[in-house]
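Q: What follows is a predicted structure for the sequence shown.
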2 protein chains.
Amino acid sequence: MTMHRSRMYALIVDAPDRDAPQAARFWSQALGVPARVDPAEPQFTSLAGAVDGLAVAVQSVDDAPRVHIDIETDDVDAEVDRLVRLGATEVSQWLQCHVLKAPGGHLVCVIPVHSDPELFAATARTWE
Amino acid sequence: MTMHRSRMYALIVDAPDRDAPQAARFWSQALGVPARVDPAEPQFTSLAGAVDGLAVAVQSVDDAPRVHIDIETDDVDAEVDRLVRLGATEVSQWLQCHVLKAPGGHLVCVIPVHSDPELFAATARTWE
């Protein structure tokens, strides 16, 4: 039996492109955290520090406003399979991000481990 | 000059009424945390433990699926005023919960302090 691990990694505020700069400024000030645009992925404005152990970011999207959750894992395929067995459906794949729709209609992205390895080791759940 | 404090308290997965039980079961299993219905507010299923210091819950709503953020504060009126000055608009009030729409179109609820007083004291931001 193989095992893998996962944890809730991030809360992503998806804002329509034309509103994204104002949304990033608002959430930065509302939560009292610095806004940092990632040069490698400029659609993301990171708002680190609002809650220890949780990444928060505003993403500019060509879509309606929504919030989605990222789950990070040491085995993306196994985690996608697990969530599909729990009732999620696969929507799309973008690079290493697998987008699923959860029962109830919310989006969740499954991504490789992004957080500090020590935080992941200490807080991820183990699945068999 | 008076001061008040606030912090990000919760991530609330608002699921349409007919889907809410399945959504609560999915998120409980996806995040590996117990689902507990609050007898006083049975529309909420608490999913505590996914991230330390962050409340997570599924709420049954008569509306489309969405995710909203709760900000807790020691002065609800002052915090609502602060967020409105940052660009939010007031949507509604339900008991002590003030619902605002943030720039970008996302919902945020301002509520009195719900978390442990020690956690609030240690992690809330101070506003003047």
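A: On my side now, so go ahead. Residues are numbered from 1 along each chain as shown, chains lettered A, B, ... in the order given.
Q: where do the strands sit along chain A?
A: Secondary structure of chain A (DSSP state E): strands located at A:4-16, A:36-38, A:41-46, A:55-61, A:66-73, A:89-94, A:97-101, A:107-112, A:125-127.
Q: what would those look like in TSV with mean neighbour count, distance to residue B:71 and mean pLDDT?
A: Every residue, glycine included, has its C-beta placed from N, CA and C. Written out in TSV, the entries for the strands of chain A read as follows (neighbours: other CB atoms under 10 Å in any protein chain shown; distance: least, CB to CB, whole Å; pLDDT from 0 to 100):
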stretch	mean neighbour count	distance to residue B:71	mean pLDDT
strand A:4-16	23	13	97
strand A:36-38	13	21	92
strand A:41-46	16	19	94
strand A:55-61	21	13	97
strand A:66-73	22	14	98
strand A:89-94	12	30	94
strand A:97-101	18	27	96
strand A:107-112	20	22	98
strand A:125-127	14	27	97
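Q: okay, these in TSV with distance to chain B next?
A: Formatted as TSV, the entries for the strands of chain A read as follows, by distance: least, CB to the nearest CB, whole Å:
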stretch	distance to chain B
strand A:4-16	4
strand A:36-38	16
strand A:41-46	11
strand A:55-61	7
strand A:66-73	4
strand A:89-94	11
strand A:97-101	9
strand A:107-112	7
strand A:125-127	4
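Q: could you dump those strands to TSV with distance to residue B:21?
A: Putting the strands of chain A into TSV (distance: least, CB to CB, whole Å) gives the following:
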stretch	distance to residue B:21
strand A:4-16	21
strand A:36-38	38
strand A:41-46	33
strand A:55-61	28
strand A:66-73	19
strand A:89-94	18
strand A:97-101	17
strand A:107-112	18
strand A:125-127	22
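Q: what's the closest of these to residue B:96?
A: Ranking the strands of chain A by their distance to residue B:96 (criterion: CB to CB) puts strand A:66-73 first, at 22.7 Å.
Q: Just the C-alpha atoms of that closest one, please, in PDB.
A: Taking only C-alpha atoms (Å, rounded to 0.1, in the frame of the first residue of the first chain), the coordinates of strand A:66-73 have been written out as PDB:
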ATOM      1  CA  ARG A  66     -14.500  33.600  -6.600                       C
ATOM      2  CA  VAL A  67     -12.200  32.200  -3.900                       C
ATOM      3  CA  HIS A  68     -10.500  28.900  -4.200                       C
ATOM      4  CA  ILE A  69      -8.400  26.600  -2.000                       C
ATOM      5  CA  ASP A  70      -5.100  25.100  -2.900                       C
ATOM      6  CA  ILE A  71      -4.200  21.700  -1.400                       C
ATOM      7  CA  GLU A  72      -0.400  20.800  -1.600                       C
ATOM      8  CA  THR A  73       0.700  17.200  -1.700                       C
END
